[in-house]
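1. have a look; sequence and predicted model below, questions after that.
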Amino acid sequence: MRRYLMAGNWKMNLTPSEAKKFALELAANIKDLDKDVDVMIAPNFASLAYVKEAIAGTPIKLGAQNMNDNEKGAYTGEVSADMLLDLGVEYVILGHSERRDIYKEDNALINKKVKFALAKGLKPVLCIGEHLEEREAGVTADVVKKQLEEGLKDVSAAEMANVVIAYEPVWAIGTGKTATPEIAEATHQDIRNILTNLYGAEVAENVTVQYGGSVSDANVDNLMAQKNIDGALVGGASLKLAPFTKIAKFEKV
Ligand code: 13P
């Protein structure tokens with residue numbers, strides 16, 4: 001059975017002191033969870049150590065928002081897998097559309113990062129998703145297929161047990177325009193089929209596929225009711241205590 005993963009991507013928000021305060025409050029709200037649900041928060045690099053301390057002893061897991069694909073060395077401004085592991089990081093978000101669009105990360109680089117993260121024992125959250133023009137042109141399934149095939153190149157079936165996929169339609173990120181549960185589910189079904197072709201049905205059935213893009217406490221239950229939606233990657237609403245607590249403790253309808 002695949003697990004649900006409810007995650008907050010805090011992006012470039014909250015100073016370390018603010019992140020610590022928020023994480024302590026969130027930790028007080030989330031002391032226990034259903035046994036098939038995981039909750040993760042991904043603060044900025046500067047806040048990881050504080051947040052690690054704040055969530056100690058709770059089921060909340062720690063994530064990072066990016067990682068370099070090299071072991072170590074002369075890469076000014078970058079952060080390595082070992083640094084993240086040393087800070088108690090378990091998940092690393094890779095290939096977010098903001099990294100793809102603003103920092104020009106392509107599938108080949110993202111694939112290197114995914115493989116490096118896996119080799120180091122980090123769990124990559126591989127983000128994929130189409131732009132508005134691509135959805136309107138009817139090529140969403142082709143876009144996510146290419147992102148999955150190239151992003152997961154040379155990732156083995158056994159390694160897929162540690163990979164999470166986050167489907168984030170770019171037009172739904174930060175816009176308040178969530179994909180309807182039906183639209184999201186249709187692409188999640190496509191993603192499951194693509195994973196089945198790549199790895200076989202058994203592996204594909206066990207991969208957690210999150211939805212991201214304007215997830216809120218108001219729409220989470222209906223999204224999570226879909227057969228192939230196994231979690232949420234939340235931006236804006238993960239920066240608000242009560243809504244994110246509600247998202248983490250979504251109702252299974
Ligand atoms: P919003 O929830 O703010 O739309 O952001 C989604 C996202 O990009 C999470 O990674």
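-> Nice, I can see it.

2. any idea how far the closest residue to the ligand within the stretch 101-250 of the chain lies from Thr187?
-> The minimum distance from the stretch 101-250 of the chain to the ligand, using Cβ to the nearest ligand atom, falls at Gly235 (2.3 Å). For glycine as for every other residue, the C-beta is placed from the backbone atoms N, C-alpha and C. Taking Cβ to Cβ, to the nearest Å as the measure, Gly235 falls 18 Å from Thr187.

3. before we move on, the earlier item: over to the residue of the stretch 101-250 of the chain closest to the ligand: give its phi and psi.
-> phi -100, psi -100 (degrees, to the nearest 10).

4. so for Gly235 and Thr187, which sits in the more crowded spot?
-> Thr187 (24 against 20; other Cβ atoms under 10 Å).

5. can you tell me the helix or strand for the more buried one?
-> Using DSSP states H and E, Thr187 falls within helix 181-199.

6. can you give me the buried ones in that helix?
-> 181, 184-192, 194-195, 198-199 (16 or more other Cβ atoms under 10 Å).

7. put the alpha carbons of the next helix or strand after it into CSV.
-> Using DSSP H and E, the helix or strand that follows helix 181-199 in sequence is helix 201-206. C-alpha atoms of helix 201-206 as CSV (Å, rounded to 0.1, in the frame of the first residue of the first chain):
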residue,chain,number,x,y,z
ALA,A,201,2.3,-2.3,-12.3
GLU,A,202,3.5,-3.4,-8.8
VAL,A,203,6.2,-0.7,-8.5
ALA,A,204,3.8,1.9,-10.1
GLU,A,205,1.0,1.1,-7.6
ASN,A,206,3.3,1.8,-4.7
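
8. helix/strand/coil for the residue of the chain positioned farthest from its centre?
-> Here the chain reaches farthest from its C-alpha mean at Ala74, the gap being 28.1 Å by Cα atoms, centre = their mean. What DSSP: H, G, I helix; E, B strand; the rest coil gives for Ala74 is coil.

9. many thanks, have a good one.
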